Every structure is written in C-alpha cells, then in structure tokens.
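*Asks:* give me a 3D structure for the following:
(one chain, ligands or ions: 2)
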Amino acid sequence: RRIQVSLGERSYPIVIGSGLLDGIAELCGEAGFPVRSSLLVVSDNSVAPLYLDGLTAKLEEGGYKVVTHIIPAGEASKSLTVYEEVMTTAIKAGLDRHSAVLALGGGVVGDLAGFVAATYMRGIGFLQIPTTILAHDSSVGGKVAVNHPLAKNMIGAFYQPKMVVYDLDTLATLPPRDVRSGLAEVIKHGLILDREFAYWCREHAAELLSLQPEALGYALERGCAIKADVVGEDEREHGLRAILNLGHTIGHAIEAVGGYGTFLHGEAISIGMAGSALVAAKLGRPQSLYEETVSMLTALELPVTLPAQYSVDDIIEAMMHDKKFKEGRITFIVPDEIGAVSIVEGVEESVIREVVGQLKKEGS
Ligand code: NAD
Ligand code: ZN
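*Replies:* Ligands and ions are numbered 1, 2, ... in the order given. Okay, the predicted model is just below:
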C-alpha cells in the first residue's frame, strides 16, 4: 500500500506492507539513488542485530556500497556528540553528493540520521525505514533534529526523505512499552482530525496492544495518511501543521525535566494530551472532553498523570524554552471535541501552571 506525501518536487511515497525489506534495493533505485553509490545505514544497537545484516545483504546484492553506523539505543543519542560521530563515519567513508543516508530504526535514528542527511555536504539523499509504531509519525513530514540539553529538537531542519519504507514485519520485535508509546501518536492523529478513527482505536485497543497485524496495519495506514495530509498542506508549520503538536508543549517539557528517556516520547505526550484537555476545560470546552480523552489514552495503557516528584516550576521553566512561548503566553493546541482541535494563541502561563498542578494531583 502506498500513501503519497504531496509537496511538489519534494513529493514522496510512504510504502507500507509486509516483506518490503526484501525489495529494498529496488526501492532505493526508485528513490533515485544510483546503483554503485554508497549508502550510509544508521541504526541503533537494539535494531541492528535484528535487521541490519539482512538489509545490508539485500542492498549489496542490488549493487550498492554499504557503510554502517550503529548508535546506542535511546533518546540520549539524539545529541550533537553522536551527530558528530556519524558525520565522522560519513567523511571517512568518503560519501559524496550521490550518496544517501538510510535510517533503520525508530524516531531517534530517523531524526538523527535525517539531520545528518540534511547537513552532510548541505544535503544528500535520505530514506526512512521506520521500525517502531511511533515512527509512523516521525518518519513522515521531514522534521529532523537533535536535542540540546536545555531543549528538545532545538537543533534541526526541514528535510524530506525520498521515500519511507515501512515494513510492518519489523514491528513484531518491538518491546511492549514502545508499542504503547507509539500508539500515543496513533491516537493523537485521531484526536486532532478524525473522530471515528479515535473511537476505533479505543475499541480495538487490545488488538493494537497485541500487535494483531490487521488492526495494526489499518491504524498505521490511517495515522500516516492523516500526517501526510497535514504536511502536504503546511510543510513548514506556518499554520495548520501546528495541530500535530497536540500534547507536545507539556510533553516536551516533561521529557526535558525528567531527563530524556525517563518518560518515552509517547508517554510524555500522552500526559500532555490529558493536560491539553484540562486546558480546554479551563477555556470553556466541556469537562467530558477530558474524561473521554483519558479513557482513550488509558485504553491504550498510556499514562495520563504526572508523578509527584515533578515540580510545576521546572515544567514551566522547561516550557519557556519552547519555540512557541512568548512573554508569559503560549500558542497552545486545544481540543474542541474528539477529532477536532484549535490553535489558540496567547494562552496564559497561569492556566498552564494550574493544569500542570492538576496533572500531578490527579495522580496522587
Ligand atoms: P526509538 O527510536 O528510541 O525506539 C524505541 C526503542 O525501540 C529503542 O530502544 C529502539 O532500539 C527499539 N526498537 C526500535 N525498533 C525496534 C524493533 N523493530 N524491534 C525491537 N526494538 C526496536 O524511539 P521512537 O519511540 O521510535 O521515537 C521517539 C523519537 O521520535 C523522539 O526523539 C521524538 O522526539 C521523535 N519524534 C519525531 C517526530 C518528527 O516529526 N520528526 C515525530 C514524533 C516523534
Ligand atoms: Zn511526537
């Protein structure tokens, strides 16, 4: 199955299915990478032992030269230090303008490898091979970045891949906690734009959590399609694309305060999405919206409260570094109902402060 991301000359397909990695060399050809060119495959030390040898063999059979770089698994690898190490590998291997970077892994590998592809010689070819549920989101849309210790995703670029190859077979080995984390971005796509899909996710939560192929395939196709539509309308986040940040303002702050990796990305934004429904209630939306949102998140076994040890001040402080915070007010994605959100400018810091406090209390 294919979904097109429509961005003029930067358009590309998301290819979703089973057994796709067997045909990866052909897909690289279709993506425009010349045979005999060098491909730098970036992966992490959990994914590489499972899929890297197979992938390398197929690429070499197809006539490509393969260079690999394996990073430690986890959010901490989305750093300038690791970025430099990958660059060193690229330079030592003599990658040139005809070369391409392939990201084999989850959002961490994709964001980091994408930033390498965007900046090596001012940009070389890039292909995403997502291996997590969460990466149905991160591999589509061209946001690539590394973190700064003070702020997540602060150093980055918009850089679209030439293709996304989503082989659903790779998901079978995903740890349960990462399954849940990924489902947070899946339900997010329903919560922002597709009421029916959000309810469908709640109804099929058990199948999704147990990686039942039919349900999972449908959910990921639907999630990718929603993401592709939004990005096609607003590639550089001048407006509409901001709705994809539902739950992320609070979520990113939780990630930064807890230390990257304490809460997984999807867990943090799940708490953030519960928080955004509380903000909605303060701005006059029905309280039932919060309860409904929480029921969907908890059906997917996601957290919706903040542990007591998190300080409200720390969370607000971390939010100040957010790209959307200006003079004590912030642009915030506020749900209107299940399946619809508004971009509200100038939400007062005091409202967010109260909500973060409430997220803690709900937990105690
Ligand atoms: P991840 O890349 O760290 O993967 C999660 C864990 O699963 C890792 O330990 C990894 O080694 C392991 N893993 C991955 N695939 C596996 C497989 N098939 N089998 C077994 N283990 C596997 O994290 P993630 O949840 O995929 O992505 C989170 C990152 O994505 C965050 O940094 C977040 O900021 C970013 N993100 C980016 C965007 C974007 O638009 N660029 C969107 C959403 C999230
Ligand atoms: Zn996200």
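
*Asks:* give me the pLDDT for the residue in the stretch 201-350 of the chain positioned nearest to ligand 1.
*Replies:* Closest to ligand 1 within the stretch 201-350 of the chain is residue 265: 4.1 Å, counting by CB to the nearest ligand atom. (Glycine included, C-beta is placed from N, CA and C.) Predicted confidence (pLDDT) for residue 265: 95.

*Asks:* just the one 3 residues further on next, same as before
*Replies:* At residue 268 the predicted local distance difference test score is 97.

*Asks:* picking up where we left off before, now do the residue of the stretch 201-350 of the chain closest to ligand 1 against residue 352, distance only.
*Replies:* Separation of residue 265 from residue 352 (CB to CB, to the nearest Å): 20 Å.

*Asks:* and what of residue 34?
*Replies:* Distance, residue 34 to residue 352, using CB to CB: 50 Å.

*Asks:* who has more neighbours, the two?
*Replies:* With neighbours defined as other CB atoms under 10 Å, residue 34 and residue 352 compare such that residue 352 has more, 26 against 13.

*Asks:* isn't that one right up against residue 276?
*Replies:* No. In this structure residue 352 lies outside contact range of residue 276 using CB atoms under 8 Å: 10.0 Å.

*Asks:* quick one on the thing from earlier: what's near enough to touch the residue of the stretch 201-350 of the chain closest to ligand 1?
*Replies:* Residues in contact with residue 265 (CB atoms under 8 Å, 6 or more residues apart in numbering) are 75, 107, 134, 181, 184, 251, 255.

*Asks:* of all those, which two lie farthest apart?
*Replies:* 75 and 184 (14.9 Å; CB to CB).

*Asks:* who's more crowded, those two?
*Replies:* Taking neighbours as other CB under 10 Å, residue 75 and residue 184 compare with residue 184 leading, 27 against 20.

*Asks:* how far does the helix or strand the more buried one falls within sit from its chain's centre?
*Replies:* Assigned by DSSP states H and E, residue 184 belongs to helix 176-193. Between the centre of helix 176-193 and the centre of its chain there are 10 Å (CA atoms, centre = their mean, to the nearest Å).

*Asks:* for it, C-alpha coordinates in CSV please.
*Replies:* Extracted in CSV, the C-alpha atoms of helix 176-193 (Å, rounded to 0.1, in the frame of the first residue of the first chain):
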residue,chain,number,x,y,z
PRO,A,176,5.6,-3.6,24.8
ARG,A,177,6.5,-0.2,26.4
ASP,A,178,7.5,1.1,22.9
VAL,A,179,4.3,-0.4,21.5
ARG,A,180,2.3,1.7,23.9
SER,A,181,4.4,4.8,23.4
GLY,A,182,3.9,4.6,19.6
LEU,A,183,0.2,4.2,20.0
ALA,A,184,0.1,7.6,21.6
GLU,A,185,1.0,9.3,18.3
VAL,A,186,-1.6,7.0,16.5
ILE,A,187,-4.4,8.1,18.8
LYS,A,188,-3.1,11.7,18.5
HIS,A,189,-3.9,11.6,14.8
GLY,A,190,-7.4,10.6,15.6
LEU,A,191,-7.8,13.2,18.3
ILE,A,192,-6.8,16.1,16.1
LEU,A,193,-8.6,15.2,12.9
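
*Asks:* what about that helix, near ligand 1?
*Replies:* Yes. Residues of helix 176-193 are located near ligand 1 by CB under 6 Å from any ligand atom, namely 178, 181-182, 185.

*Asks:* quick revisit: so how far is residue 248 from the residue of the stretch 201-350 of the chain closest to ligand 1?
*Replies:* In terms of CB to CB, residue 265 sits 9 Å off from residue 248.

*Asks:* what's the answer for residue 90, then?
*Replies:* 30 Å.

*Asks:* pick the one among the residues of helix 176-193 next to ligand 1 closest to residue 204.
*Replies:* Nearest member of the residues of helix 176-193 next to ligand 1 to residue 204, counting by CB to CB, is residue 182, at 14.7 Å.

*Asks:* skipping its backbone neighbours, what lies nearest the closest one in space?
*Replies:* Once flanking residues are discounted, residue 182 sits nearest to residue 133: 2.6 Å by CB to CB, 6 or more residues apart in numbering.

*Asks:* before I go, just wanted to say thanks for your time.
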